[in-house]
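Trainee: Generate a structure from the sequence data that follows.
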Amino acid sequence: MCGIAGIFYNNENPKDYKDSLLELLYTLRHRGNSHNEIAVGLGWTIGANRLEIVDPLNGRQPIFSSDGRVAVVFNGEIYNYKELKIQLLKKGYTFTTDTDTEVIANAYHCWGLEVFRRLDGMFAILIWDERNNEYVAVRDPMGVKPLYFCHSGDQVIFASEIKALIKYTNKIAIVRPGHYLTGRDGQVKYWHLEPCAITQDVKQNARLLREYISASVKKRLQTDLPVAVFLSGGIDSAVILYEAINHHRNITAFSIGSEYAPDVVTSRKLCSLLDVDFVHVPVSSSDLLKIIPEVIWTIESYEPNHIRGGTLSYYLSKEVAQRGFRLALCGEGADELFGGYREFGLARETEKTDQFIQGLFERFVSELHRTQLQRVDRTSMRFTLEVREPYLDKQIINFAFSLPVSHKVSILTNGQCQGKIILREAYEGILPEWITSREKIVLSLGAGFGGNGPEGIFYTNGMNMISDSELGNLRAKYPEYSIKSHEEAYYFKIFLEKFGEVAHTKERPLVNSTPVST
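Mentor: Modelled structure (predicted):
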């Protein structure tokens, strides 16, 4: 994991942009503990603040291809880099490190733009190809790792977070998930869903899903480092914890909330049953409300869903990092892939067609990079903590989109609608019934701080902080932002103070009505 940045400019007017790059990296210093690893060339300057996970002693970035003509900085993890390295060695490429970054450099040199389909992992990558004087920027299929860019004069400037770019312009754009970007071609989609051959038997498909999840967790635990698991006691994170302890000898579960909050009680009970080390992270209402401005700066969003969950993610990540962990697993993505949100149940209850519900799945998944993944990335990397999301493995994504809707969301014999049918089926008899049948609840409610409405601390705080007249004024002045409530207006006001009007945030993401609890 890293914070990466790059400046590319007109070769006909070469200039040393080293100081400008160092400013970008300074803003991103929280994303890595090995700072200001940079290289400067004719028409390009790239660098990283590196979180040292793979080959920490020799992994200094940028890393170059064998012939020195391809330079790479990289944020993320490539889980199949050793397999790719074997293929490249057979083709005559040489290596001086055991890093996935060097594999990317040689793999791009060998296979060009086609290589991105071969990468299995989470990644944001900046490449300078001296052979044709071209930059390439690319993100993983789901956008787990962030990458933004803007133009300033003849410069194209990239950074892992928008806070590094706001000094240049408010016209900041996103490198889209599953796309690469070049100066010649613009953004080009390289990744597409690949349907799987499945049966109509939910039990058989559930067995397959369990195999895929186990394999996904295993590949994300190829480390000797101790690993934390973010645990709420819901089915999503409970599954990740169960699989993690089967594949790694040093796992600790962390749960946040008040002492007797539902999530804390359930998580403690599960860890006792599984004989897993458990850490309760206590936090108060005043603690959460006090850090809202810092969370908005960290997450780079004013969406209430992000901020409510983000205050808890922030505190949880801080505690995990302070205990010495550099790596954690979480359950993000299961709700979007398997129908955990209330919107899916409502669509089924109101007899929407399977085609409509499938479209809803596509919308939620396509927005992940601007919703839950943005929250998780920013709050964890704020404390230089790498979080991996096993549900967002390409094999699981392809499988989930190949399933019948009824295997994900269905009306039960008791007349109630239930989501994540296949995930519950996959672990029935393996995890206790009070886990596999537990219904999803709002993260703040599970942590003991009420839900999204007047009973919740965040709604009440928003009402106290923004008057009716101020809400009206913000709506009138910024109609394109569609401010919906006092709470949202409070967050938006802080966002404006810190970032100003950032172009891409005007397009509001599809945000579920209930924050994720995984």
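
Trainee: low-confidence ranges in the protein?
Mentor: Low-confidence segments of the chain (pLDDT under 70): 1, 11-15, 51-59, 511-518.

Trainee: which residue is nearest the centroid of it?
Mentor: Nearest residue to the geometric centre of the chain (CA atoms, centre = their mean): residue 373, 2.8 Å.

Trainee: just checking, that one touches residue 140?
Mentor: No. Applying CB atoms under 8 Å as the test, residue 373 and residue 140 come out as separate, 10.1 Å apart. For every residue, glycine as well, the C-beta is placed using N, CA and C.

Trainee: distance of the closest residue to residue 262 other than its chain neighbours from residue 292?
Mentor: Spatial nearest neighbour of residue 262, excluding adjacent residues (CB to CB, 6 or more residues apart in numbering): residue 446 at 5.2 Å. Relative to residue 292, residue 446 is positioned 19 Å away (CB to CB, to the nearest Å).

Trainee: Could you do residue 364 as well?
Mentor: Distance from residue 364 to residue 292, by CB to CB: 25 Å.

Trainee: More neighbours: which of those two?
Mentor: Taking other CB atoms under 10 Å, residue 364 and residue 292 do not tie; residue 364 has more neighbours (24 against 21).

Trainee: give me the element residue 253 is part of.
Mentor: Applying DSSP states H and E as the criterion places residue 253 in strand 251-256.

Trainee: That strand pairs with which strands, parallel or anti?
Mentor: Paired neighbours of strand 251-256 in the sheet (DSSP bridges): strand 227-230 (parallel), strand 277-281 (parallel).

Trainee: Residue 410: which of these is closest?
Mentor: With CB to CB as the measure, strand 227-230 is the member of the strands paired with strand 251-256 nearest residue 410 (27.8 Å).

Trainee: Check which element follows the closest one along the chain.
Mentor: helix 235-247.

Trainee: Now do that next one: everything it contacts.
Mentor: By CB atoms under 8 Å, 6 or more residues apart in numbering, the surrounding residues in contact with helix 235-247 are 213-214, 217-218, 221, 227, 229-231, 251, 253, 270-271, 274, 276, 329-331, 334-335, 340, 390-391, 420, 423-424, 426-427, 430-431, 435-436, 438, 518.

Trainee: and that helix, how far out from the chain's middle?
Mentor: A distance of 19 Å separates the centroid of the chain from that of helix 235-247, by CA atoms, centre = their mean, to the nearest Å.

Trainee: Between the two ends of stretch 412-422, what distance do you get?
Mentor: 13 Å (CA to CA, to the nearest Å).

Trainee: so which strand or helix has residue 387?
Mentor: strand 386-388.

Trainee: List the pairing partners of that strand within its sheet, with orientation.
Mentor: strand 327-329 (parallel).

Trainee: Run the chain-centre distance for the partner strand.
Mentor: 12 Å.

Trainee: So for that strand, what gets flagged as buried?
Mentor: For strand 327-329, burial by neighbour count (16 or more other CB atoms under 10 Å) applies to 327, 328, 329.

Trainee: and after that strand, which helix or strand comes next?
Mentor: Strand 327-329 is succeeded, C-terminally, by helix 334-338 (DSSP H and E).

Trainee: coming back round to it: now, which of the buried residues of strand 327-329 sits nearest residue 105?
Mentor: Closest approach between the buried residues of strand 327-329 and residue 105, by CB to CB: residue 327, at 23.7 Å.

Trainee: which stretches of the stretch 401-518 of the chain form helices?
Mentor: Assigned by DSSP state H, counting those that start in this stretch, the stretch 401-518 of the chain shows helices spanning 421-426, 433-436, 443-446, 457-465, 468-477, 486-499.

Trainee: As JSON lines, the ones you listed with distance to residue 201 would be great.
Mentor: Shown next, in JSON lines, are the helices of the stretch 401-518 of the chain (distance: least, CB to CB, whole Å):
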{"stretch": "helix 421-426", "distance to residue 201": "11"}
{"stretch": "helix 433-436", "distance to residue 201": "19"}
{"stretch": "helix 443-446", "distance to residue 201": "33"}
{"stretch": "helix 457-465", "distance to residue 201": "43"}
{"stretch": "helix 468-477", "distance to residue 201": "52"}
{"stretch": "helix 486-499", "distance to residue 201": "45"}
